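S.K.: Build me a model:
(one chain, ligands or ions: 1)
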Amino acid sequence: MAERSQFDHDRVLAHKFPESTYVYTERDAAIYALGVGACGRDAIDADELKYVYHENGQQSIQVLPTFAALLSLGSMTNGIDLPGLQYDPRLLLHGQQYIELYRPFPSSASIQNKVSLAGLHDKGKAAIVEIETKSYEKESGELLCMNRSTIFLRGAGGFSNSTRPYSYSNYPNNQVTAAKIPKSQPFAVFEDLIQPSQALLYRLSGDYNPLHSDPMIAKVAGFSRPILHGLCTLGFAVRAIIKCICRGDATIVKNIFGRFLLHVYPGETLITEMWLDGLRVIYQAKVKERNRAVLSGFVGLHHLTSSL
Ligand SMILES: CCCCCCC[C@@H](O)CC(=O)SCCNC(=O)CCNC(=O)[C@H](O)C(C)(C)COP(=O)(O)OP(=O)(O)OC[C@H]1O[C@@H](n2cnc3c(N)ncnc32)[C@H](O)[C@@H]1OP(=O)(O)O
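M.R.: Residues are numbered from 1 along each chain as shown. Below is the predicted model of the structure:
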């Protein structure tokens, strides 16, 4: 545990994160799409070929909305650097991700990321850090998306007074809350196999955390073998929602929230259950083999498709 004397609330809140740049091309968007299982069951999938190939003579490939999460990764590849917060990077887990999309992504772009601290919480056994990243297209200066990434640092809690554990956040509590899963039958269910090599493919999109590829590191972190990236699981679940609820039209996705409840092993089967609640899709993803929920959240839509 970090020593209490090292924690200085004012210093932490005054901390400035460096801006980061992220440049991507169509190739990156296609590798990402394959990494989250697009066309994984059917190489000519009518809803998904457009994410990996210039189908029907289209000028550029389309970009999945969850690609937005990669933009926030750039600011964290060297770890989370907060004054007074010490943690073992091998025990880091991704806790939650919230994404707001302001317009569809171009198939290639140069992005400027502005990064800030959105939250910090002392949970005793763990510290929770929330990082907000606003991503602007360099050429137009337009804001493309906002990501809020919640990082769960096991063993790094206890840095504040235990009778009044430190908790700070700079956004409304009701903006992102764990989704309440309805008791009713889901509106739609989608089953997908996560290939045994999925994490090895997904990491090529920029998250090279060895927790997802190195058996020894995975053991140190408490897992029997390397686990799947949380954002890969999120990509699978949102792709299922785009297929089943958006009828393949990803442009109607407005925002995305997911809480990672439990790790996923590559090679497992993911079942995504979806419920419609107005313009919000509540979802839960379960691992079939262990019958355990691993991810839950919501996807907000601009409108419903006419065929629903
Ligand atoms: C783009 C940005 C990228 C960022 C870098 C990411 C790098 C990646 O390479 C890393 C990954 O992808 S890791 C893989 C994905 N994540 C996971 O597999 C984690 C799955 N979840 C768990 O194991 C547990 O929920 C666990 C361990 C997280 C929590 O379980 P418990 O220890 O049992 O916690 P619990 O006692 O239930 O709760 C303690 C307090 O913590 C809050 N909390 C719990 N789960 C949370 C979660 N997932 N996210 C945020 N907060 C969470 C609880 O609310 C509780 O607080 P309180 O007592 O105030 O209610």
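
S.K.: any idea how far K50 is from E137?
M.R.: Relative to E137, K50 is positioned 21 Å away (Cβ to Cβ, to the nearest Å). C-beta coordinates here come from the backbone N, C-alpha and C atoms, glycine included.

S.K.: okay, those two: which has more neighbours?
M.R.: K50 (21 against 17; other Cβ atoms under 10 Å).

S.K.: Give me the pLDDT for the more buried one.
M.R.: Here the pLDDT value assigned to K50 is 96.

S.K.: residues contacting it?
M.R.: 58, 61-62 (Cβ atoms under 8 Å, 6 or more residues apart in numbering).

S.K.: SS state for it?
M.R.: With DSSP: H, G, I helix; E, B strand; the rest coil as the basis, K50 sits in helix.

S.K.: Check the gap between it and the ligand for me.
M.R.: Between K50 and the ligand the distance is 25 Å, computed by Cβ to the nearest ligand atom, to the nearest Å.

S.K.: Enumerate the residues of the stretch 101-250 of the chain near the ligand.
M.R.: 123, 128, 149-152, 207, 209, 211, 227, 229-230 (Cβ under 6 Å from any ligand atom).

S.K.: The residue in the stretch 151-300 of the chain positioned nearest to the ligand: how many residues sit nearby?
M.R.: Ranked by Cβ to the nearest ligand atom, the top residue of the stretch 151-300 of the chain for proximity to the ligand is G230, at 2.9 Å. The tally of other residues near G230 (other Cβ under 10 Å) stands at 26.

S.K.: For it, give me its contacts.
M.R.: 93-94, 97, 258, 260, 295 are the contacts of G230 under Cβ under 8 Å, 6+ apart.

S.K.: Could you do A38 as well?
M.R.: 45, 48, 51-52, 64, 239.

S.K.: mind redoing it with 7 Å?
M.R.: By Cβ atoms under 7 Å, 6 or more residues apart in numbering, the contact set of A38 is 48, 51-52, 239.

S.K.: And what about it, helix, strand or coil?
M.R.: coil.

S.K.: what about it, distance to A30?
M.R.: Relative to A30, and taking Cβ to Cβ, A38 is found at 9 Å.

S.K.: Give the residues shared as contacts by these two.
M.R.: 51-52.

S.K.: Poorly predicted segments of the protein, please.
M.R.: Scanning the chain for pLDDT under 70 picks out the ranges 1-6, 75, 77-78, 174-177.

S.K.: what's downstream of the biggest helix by length in it, the next helix or strand?
M.R.: Scanning the chain for the helix with the most residues, using DSSP state H, yields helix 230-244. Downstream of helix 230-244, the first helix or strand assigned by DSSP states H and E is strand 253-260.

S.K.: Buried ones in stretch 188-196, by neighbour count?
M.R.: 188, 190, 192, 194 (16 or more other Cβ atoms under 10 Å).

S.K.: Oh, that last question was meant for stretch 288-301, not what I typed.
M.R.: Quick answer for stretch 288-301 (16+ other Cβ under 10 Å): 293-301.

S.K.: okay, the residues you listed in TSV with distance to the ligand and secondary structure next?
M.R.: As requested, the buried residues of stretch 288-301 are exported to TSV (distance: Cβ to the nearest ligand atom, whole Å; DSSP: H, G, I helix; E, B strand; the rest coil):
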residue	distance to the ligand	secondary structure
A293	10	strand
V294	7	strand
L295	8	strand
S296	10	strand
G297	11	strand
F298	15	strand
V299	17	strand
G300	19	strand
L301	23	strand
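
S.K.: Provide a list of residues in contact with the residue of the stretch 1-150 of the chain found nearest the ligand.
M.R.: Ranked by Cβ to the nearest ligand atom, the top residue of the stretch 1-150 of the chain for proximity to the ligand is G95, at 2.6 Å. Shown in contact with G95 (Cβ under 7 Å, 6+ apart): 128, 150-152, 259-260.

S.K.: Apply 6 Å and report the result again.
M.R.: When contacts are counted by Cβ atoms under 6 Å, 6 or more residues apart in numbering, G95 touches 150, 152.

S.K.: For it, which three-state class applies?
M.R.: Classification of G95 by three-state DSSP places it in strand.

S.K.: for I217, same thing?
M.R.: helix.

S.K.: hang on, it packs against N209?
M.R.: No: the pair I217 / N209 is not scored as a contact, 8.5 Å apart, by Cβ atoms under 6 Å.

S.K.: out of those two, which sits in the busier spot?
M.R.: More crowded of I217 and N209, by other Cβ under 10 Å: N209, with 21 against 16.
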